[in-house]
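> show me the folded form of this:
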Amino acid sequence: MRPLRILTWHVHGNYLYYLSHAGHEFYLPVRPGRHEGYGGRGGSFPWADNVIDVPAEAVKTMDFDCILFQSRRNYCEDQYAILSRSQQRLPRIYVEHDPPREHPTDTRHPVDDPDVLLVHVTQFNNLMWNNGRTPTRVIEHGVVVPEGVRYKGDVARGLVVINNLPARGRRLGADVFERVRALVPLDLVGMDSRALGGLGEVPPPQLPAFAASYRFFFNPIRYTSLGLAVCEAMMIGMPIIALATTEMVTVVESGVSGYLDTSVDKLTERMRKLLDDPDEARALGRLARCHAEKRFAITRFVRDWDDAFALVTGRTTSTHGFLVSGRAVS
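Next up is the predicted model:
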């Protein structure tokens, strides 16, 4: 059987890169100027040949097996702008990357359609959204780190990885970051991080190797989805210190693979302890890696997505493995 032909948009580059490890063909609409969602194979990712740019105006003439929405704009606007009426009736999946913003428990999801599969990336997100009539399932993250990249922890500093933190404010923990940075040596990386005295953006494929030297990974975020950078840090064997909120409480076992608390003061104490005790940091990191290898394996991620595609299309998928830099792996 041939791989499925899936139309989607470039919304979250890291997620799309990991999704493309499934051996299906992912078609990305592109517009001049590469506006939101229409950037195609942009960024620094080592895209394989199964990720294919197509002019947005040509989409209506093409054959697809499934439409994969990745944002409210994709679902509410883009599909009507670039899809034909028959394409709008194809098997459809909406992957929801975030928890609700308007109200944490009472917000109705924009998809209210029993013929669309709504995929949440964490159990927490699925719990908090009011999903209405729409059937849901959870597909947790899967990540790959470069071969040979492992935690060293030889730099007595913590690392924070958040894009556009100045603009995203309290929800992403800008105030928590500033408060802790005054007491503990921390470096911030990500888009627009220089505005807060950070180091700028590190290309995502290079981030695990960059992070490996730091003593610990600090996640000051109050309310968002689970960041892929957290999964990658755990996968290289890095201890995690984070606020005990959202899905994070199921990912990090406090005192085993890192430390969680709702008290910023207590987390600051834990950071100081790890700065003084690299042996404990390495011990925590080893268990973080063990957990990540089981929970965030790319093989499980691909298998879960194959099952979802098979459910909506009625076809048995045929990848029987996944792609790494265009190479099939069983």
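> what about stretch 49-63, average pLDDT?
Stretch 49-63 shows a mean pLDDT of 98.
> which parts of that stretch are buried?
In terms of neighbour count (16 or more other CB atoms under 10 Å), stretch 49-63 has its buried residues at 50-51, 54, 56, 59. From N, CA and C alone the C-beta is placed, and that goes for glycine too.
> again, but for stretch 143-162
For stretch 143-162, using 16+ other CB under 10 Å, the buried residues are 143-145, 149, 151-153, 158-162.
> I'd like to know how far Gly258 sits from Glu140.
Going from Gly258 to Glu140 by CB to CB, to the nearest Å gives 18 Å.
> which of those two has more neighbours?
Gly258 (30 against 18; other CB atoms under 10 Å).
> can you give me the strands in the stretch 201-330 of the chain?
Applying DSSP state E, counting those that start in this stretch to the stretch 201-330 of the chain gives strands spanning 214-219, 240-243, 258-261, 322-324, 327-329.
> contacts made by the third one with the rest, please.
What that stands for is strand 258-261. The contact list for strand 258-261, computed with CB atoms under 8 Å, 6 or more residues apart in numbering, reads 216-217, 239-244, 248-249, 252, 254, 267, 270, 284, 288.
> distance to Gly200 and secondary structure added to the buried residues of stretch 49-63, as a markdown table?
What follows is the buried residues of stretch 49-63, written out as a markdown table (distance: CB to CB, whole Å; DSSP: H, G, I helix; E, B strand; the rest coil):
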| residue | distance to Gly200 | secondary structure |
| --- | --- | --- |
| Asn50 | 31 | coil |
| Val51 | 26 | strand |
| Val54 | 32 | strand |
| Ala56 | 31 | helix |
| Val59 | 35 | helix |
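> those residues: which two are farthest apart?
The most widely separated members of those are Asn50 and Ala56, with 19.5 Å between them, by CB to CB.
> what sits against Leu196?
Leu196 neighbours (CB under 8 Å, 6+ apart): 165-166, 174, 177-178, 188.
> try it again with 10 Å
Applying CB atoms under 10 Å, 6 or more residues apart in numbering to Leu196 gives the contacts 160, 162, 165-166, 174, 177-178, 181, 188, 190.
> that one and Leu165, how far apart?
As judged by CB to CB, Leu196 and Leu165 stand 6 Å apart.
> which helix is the longest one in this protein?
Longest helix in the chain by number of residues (criterion: DSSP state H): helix 278-295.
> in that one, what counts as buried?
Across helix 278-295, burial judged by 16+ other CB under 10 Å covers 281-282, 284-285, 287-289, 291-292, 295.
> middle-most residue in this protein, spatially?
For the chain, the residue sitting closest to the mean C-alpha position, by CA atoms, centre = their mean, is Leu228 at 4.1 Å.
> ok, which pair from the buried residues of stretch 143-162 is furthest apart?
Top of the distance list for the buried residues of stretch 143-162 (CB to CB): Val144 and Gly158, 24.2 Å.
> coming back round to it: ok, so of the contacts of strand 258-261, who is nearest Arg89?
Among the contacts of strand 258-261, Met248 lies closest to Arg89 (CB to CB), at 38.8 Å.
> OK, contacts around that closest one?
Counting by CB under 10 Å, 6+ apart, the residues that Met248 touches are 122, 124, 219, 221, 224, 226-227, 230, 240, 242, 258, 260.
> for the residues you listed, give me JSON lines that also has pLDDT.
What follows is these, written out as JSON lines (pLDDT from 0 to 100):
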{"residue": "Thr122", "pLDDT": "98"}
{"residue": "Phe124", "pLDDT": "98"}
{"residue": "Asn219", "pLDDT": "98"}
{"residue": "Ile221", "pLDDT": "98"}
{"residue": "Thr224", "pLDDT": "95"}
{"residue": "Leu226", "pLDDT": "97"}
{"residue": "Gly227", "pLDDT": "96"}
{"residue": "Val230", "pLDDT": "98"}
{"residue": "Ile240", "pLDDT": "98"}
{"residue": "Ala242", "pLDDT": "98"}
{"residue": "Gly258", "pLDDT": "98"}
{"residue": "Leu260", "pLDDT": "98"}
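> what does the domain assignment say about this protein?
According to automatic domain parsing, the chain comprises the domains 5-142+297-320, 155-295.
> Thr268 reaches Val184, doesn't it?
Yes. In this structure, Thr268 is within contact of Val184 by CB atoms under 10 Å, at 6.0 Å.
> next, count neighbours for Phe309.
Phe309 has 24 nearby residues by other CB under 10 Å.
> measure it to Ile93 for me?
Phe309 is 8 Å from Ile93, by CB to CB.
> now for the two: what residues contact both?
With CB under 10 Å, 6+ apart, Phe309 and Ile93 have common neighbours 6, 66, 68, 117.
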